[in-house]
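Asker: pasting the structure only:
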């Protein structure tokens, strides 16, 4: 069942983000430097976001759950395919997206795709009153409940309070390149539930079939659990939804350029952070059920990389079943 608070979405009530929050996001490489991305806080009396031209609305809550700027090509494409804005996403939707990318990159050794997302997840629209879309958090992502869905179950936080108040504004100011990579801001909720929200491939490609079979093997025989999809990006200090030089399974130690920080996080702090992201109830002495792969220990080949990329380009997303 989706979290109770997210079932009915939320309204705007200003922002509580201050300069210390922004400084922390810059220090942890969630936000690029001021020479590339300009930040503006919401005015004290502002209730609803009103970005100036060229600015995007982002959320501190989302940055703490796996988003970083510039956002990854997959996340940008995912937003455009579902016709969503960052303010349409609940914090739990961001957690599931980050876990999904970690599964693809850290365990399968492949780039995330809409085909795999649609195989594992479905969606619904959150309403503030019956039939009226929520102003913020209108898109609810959920693991498909089918018995043959091998994606590990993640028990989400029941209520992420006041996340709508964590918004602020960013604008790309880099002389070259886009260090934000988000679609132009469009105010308001989605204009109803889009047909593509029901996307699921009628028939999986050979690459997709191989990937799903590998996930099933890891969950049934190799100990892969839901917390294993959150702990890797916490321990490796990487942001799944940020543009990075390489996949999570290709990371190589404390100096890896994908990392937010060169220092290792203490074991008990990892469990605290994972429990902050989801209701995993990890103890301070937690252990991986299955550790993610790395450059020193690469994942087994799910299928030929050429076949995988070819199948994703040839597989047309309009071929879908309804939920």
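Answerer: On my side now, so go ahead. These numbers come from a predicted model, not from an experiment.

Asker: residue boundaries of the helices in the stretch 151-300 of the chain?
Answerer: 206-221, 231-235, 267-277 (DSSP state H, counting those that start in this stretch).

Asker: quick one: residue 198 from residue 278, how far?
Answerer: 25 Å (CB to CB, to the nearest Å). Backbone N, C-alpha and C define where each C-beta goes, glycine included.

Asker: if we can go back for a sec, and of the helices of the stretch 151-300 of the chain, who's closest to residue 258?
Answerer: The minimum distance between residue 258 and the helices of the stretch 151-300 of the chain falls on helix 231-235, with 10.0 Å, by CB to CB.

Asker: the strands in this protein, which residues?
Answerer: Ranges of strands within the chain are 37-40, 56-59, 121-125, 127-129, 132-133, 139-143, 167-172, based on DSSP state E.

Asker: looking at those, which is buried most?
Answerer: Among the strands of the chain, strand 56-59 has the highest mean neighbour count (mean count of other CB atoms under 10 Å), at a mean of 23.

Asker: what residues does that strand touch?
Answerer: 49, 51, 67, 69, 85-87, 163-164, 166-171, 180, 182, 184-185 (CB atoms under 8 Å, 6 or more residues apart in numbering).

Asker: quick one: strands adjacent to that strand?
Answerer: With DSSP bridges as the test, strand 56-59 is paired with strand 167-172 (antiparallel).

Asker: residue 198 and residue 278: which is more packed in?
Answerer: residue 278 (21 against 14; other CB atoms under 10 Å).

Asker: and the pLDDT for the more buried one?
Answerer: As summarised for this prediction, residue 278 has a pLDDT of 97.

Asker: can you check the one 4 residues further on too?
Answerer: Looking at residue 282, its pLDDT stands at 95.

Asker: quick check: it vs residue 221, distance?
Answerer: Residue 282 is 22 Å from residue 221, by CB to CB.
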